[in-house]
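Engineer: predicted model follows, preceded by the sequence.
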Amino acid sequence: MAERLSMGEQPVTQIVGVGATKAKRLGELGIQSIFDILHYFPYRYEDRSIRPFESFEEGILITARAIVEGTAKVRWNQRKSTCTAWLRIDGRHRIMGVWFNQPYVKSKLTDGRVLIVSGRFNRDKMVFAVSRTEFDVSTSPVAKPWTPVYRVTKGINSEQLHSLILNTVGQFGDEVEELLPNQLVTKYKLVSHRQALVLMHQPNSEEDIRQARRRLAFEEFFMFQLSLQWFRLQRNREGTRSAPSIPKDSWETFVAALPGRLTGAQERVCDDITIRLQAQVPMSLLLQGDVGSGKTWVAFWAIYAAVQAGGQAALMAPTEILAEQHYGGARARLDPLGVKVALLTGSTPEKERAQILNDVREGLVDLVVGTHALLTQDVTFLKLRLVVTDEQHRFGVTQRSILRHKGSQPDVLFLSATPIPRTLALAVYGDLDMAVLDELPAGRTPIKTVWYPLSGEAKAIRFVRQQLAAGARAFVVAPLVEESSQLVDVASATLLFNRLREEFSGFSVSLLHGRMPSRDKDLAMRSFATGETQVLVSTTVIEVGIDVPEATVMLIYHAERFGLAQLHQLRGRVGRGTRPSTCILLSDAEGRVAKERLKTLVETTDGAIIAQRDLELRGPGEFLGVRQSGIPEFTVGDLSRDLRIMEVARDEARMLVSDADFWLLPAYERLREAINSPKDAVMKD
């Protein structure tokens, strides 16, 4: 007897009424199999419960029972039509019903006919714009209160797709597989997978939708976390090594060489890293810290400790400017302690590059700082013990993995100045340990943020001049490098530079953007850092890593063109000294999201709050960048709001994977297949 095909292998043509033409239309929606159509969920629901006139609200979809009074009329304006008829609501309220571009309804709108109409109401004009009409109803109709709405394509509308899905549930519903262990279904009072499908496609209440979403989101998160925890378990089992040893006086030597005191948070994380560096299982740690929290000093301790333990370290940054700054910091802090440091970027001259490659290969260089240039095949280490990746979300999973595999079971430290909401961190970095620097160094003053319309530019420039006269320095940021024919009203760095040299006469103004040669970029940054230049006009190349304590003003043109996290990073370039600092946003933002973004930045400097708000406004894909982030795609689970479900799923997956019975009992065979199948595989470092 032939083996029965799984739902994912059964084509949609097996559904009654689906032929080649309809299958092609479904394919345009990504629906190829029985599994696909059952799990093609509505993107929203319309509440079509019948409302009394008193509850009519503007701006929302309303469904009501109405009686036609008199004769309907149709007016034409070229090819567009407007059909109108008087409607009586609740037997007392007379309003005008309007049907746009539906001239065919006129013949059905007969005097005294009972209708169910859905649409939007304008109370000032007493007009009801009808989008949907049900004609075949009794005098006491019972409307389906929650109607699913699906994304569709040409040749198939939402109602047709809904009907087809319900037919599929009836035909194949009994074959729906239950993946969750019974104890979890019982423990969390979850509906079955089949029941969840029915409730998603044919709910009778808002609670039905909630319970269906809760079940399906938990299953998605649980299966994903099961993969992550399995990967973590395998890595820990197979990745043991002889435990490195750090000389006991290393910490005292390192701290004594620092120019200031570490915060309590820095000391706590350094202690944690010290323990991890000397463990048999290699460290995989994500260190999060708000702008200016001191991640670099923590990274330098990890590097120094790894070198003291007899190994080499690599520090990879996303831009040459940031790599050069890290190189300068490492030379200043680690070179006096005997750590030999080298810089390797795409701009490194060939002769110098060849010498660095040789020294790294021979073990004559302890720390190599660089950009993507570290990933090339000719970069080899004698004994790579630690890999540090700064602004790690700017590198793809594969890129991070290449550097890691240049050593034999090295420790890995990821740094992120972009606060990541916990749900997103659990999803993208769930196999990593996480540490947080939640304390800023002493002496930092809060940054004041103000938002002016573009017409307030003169006021902003006067303020900047006052600060410059008092000895401060200022960043000016533009969204474009050069003038654009497509974005004629958006400021560019080059045009601003030319104009602001006149506005800031008496002060030195320099220009910095990503298209400049590395030598020119370095010269612009150095002149600003030393005070030779007082104003730096730039693009977002200064978003991360630039540290100039004397800079107290950040002026951002067309702030609506930047993401919230990006604006927070830009703002973090000031407020790094003891002087009060100000961030000025110039924007004529009009869209809701853009306004919410700027409003949030004005109201708070808390990175965690900003990150969560940014996630809610933009979604996880744009938050980290879809192509580079490794963000999993969830059908039902929402990373911006389902934190608790993700946490519970993670905890349950950890317990199950660590349970020896999981690997032995037949009841878990399907789960083991799922976490090992190519479809559900999660690409990790």
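Structural biologist: Great, that's in hand.
Engineer: following the lowest-mean-pLDDT helix or strand in the chain, which helix or strand comes up?
Structural biologist: Averaged element by element with mean pLDDT, DSSP states H and E, the chain has its least confident helix or strand at helix 626-629 (a mean of 40). Where DSSP states H and E defines the elements, the next helix or strand beyond helix 626-629 is helix 643-658.
Engineer: mind listing what's buried along that next one?
Structural biologist: In terms of neighbour count (16 or more other C-beta atoms under 10 Å), helix 643-658 has its buried residues at 643, 645-646, 648-650, 652-654, 656-657. Every C-beta, even on glycine, is put in place using the N, C-alpha and C of the backbone.
Engineer: helices and strands around the longest strand that the chain contains, which ones?
Structural biologist: In the chain, with assignment by DSSP state E, the single longest strand is strand 62-77. Other helices and strands packing on strand 62-77, by 3 or more C-beta pairs under 8 Å, 6 or more residues apart in numbering; DSSP states H and E, are strand 80-89, strand 114-122, strand 127-134.
Engineer: the last one to strand 62-77, inter-axis angle?
Structural biologist: If you take axes from the mean of the first three to the mean of the last three C-alpha atoms, to 10 degrees, strand 127-134 sits at 110 degrees to strand 62-77.
Engineer: where in the stretch 451-600 of the chain is pLDDT low?
Structural biologist: 482-491, 543-546 (pLDDT under 70).
Engineer: what does stretch 50-59 contact?
Structural biologist: Residues outside stretch 50-59 that contact it (C-beta atoms under 8 Å, 6 or more residues apart in numbering) are 62-65, 89-90, 92-93, 116, 120-123, 141, 143.
Engineer: return a selection command, for use in ChimeraX, containing the buried ones of those residues.
Structural biologist: In ChimeraX, this line selects whichever of these come out buried by 16+ other C-beta under 10 Å:
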select :62,63,64,65,89,116,120,121
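Engineer: for the stretch 201-350 of the chain, what spans make up the helices?
Structural biologist: 206-238, 250-256, 264-277, 295-308, 320-333, 350-362 (DSSP state H, counting those that start in this stretch).
Engineer: nope, the stretch 401-550 of the chain is what I meant
Structural biologist: 422-428, 457-469, 493-503, 518-530.
Engineer: quick one, which of those is nearest to Ala373?
Structural biologist: Proximity to Ala373 (C-beta to C-beta) singles out helix 518-530 among those, at 11.9 Å.
Engineer: need the winner for burial among the helices of the stretch 201-350 of the chain.
Structural biologist: helix 295-308 (a mean of 25; mean count of other C-beta atoms under 10 Å).
Engineer: so what does that one touch, helix or strand wise?
Structural biologist: When contacts are defined as 3+ C-beta pairs under 8 Å, 6+ apart, helix 295-308 packs onto helix 250-256, helix 264-277, strand 284-289, strand 312-316, helix 320-333, strand 384-389, strand 411-416.
Engineer: tell me which residues touch Leu496, please.
Structural biologist: 476, 478, 537, 557.
Engineer: what about those, which one has the most neighbours?
Structural biologist: Val537 (30 neighbours; other C-beta atoms under 10 Å).
Engineer: follow-up on the earlier one: any idea which of the contacts of stretch 50-59 is least confident?
Structural biologist: Lowest pLDDT within the contacts of stretch 50-59 is found at Pro141 (45).
Engineer: I'd say Met223 and Ile675 touch.
Structural biologist: Yes - look at Met223 against Ile675 with C-beta atoms under 8 Å: they come within range, at 7.3 Å.
Engineer: Pro447 and Ile420: what is the separation?
Structural biologist: Actually, residue 447 is Ile. It isn't Pro. 21 Å (C-beta to C-beta, to the nearest Å).
Engineer: helix/strand/coil for the closest residue in space to Lys125 that isn't next to it in sequence?
Structural biologist: Leaving aside its chain neighbours, Lys125 sits nearest to Met96 (7.7 Å; criterion: C-beta to C-beta, 6 or more residues apart in numbering). Assigned with DSSP: H, G, I helix; E, B strand; the rest coil, Met96 falls in the strand class.
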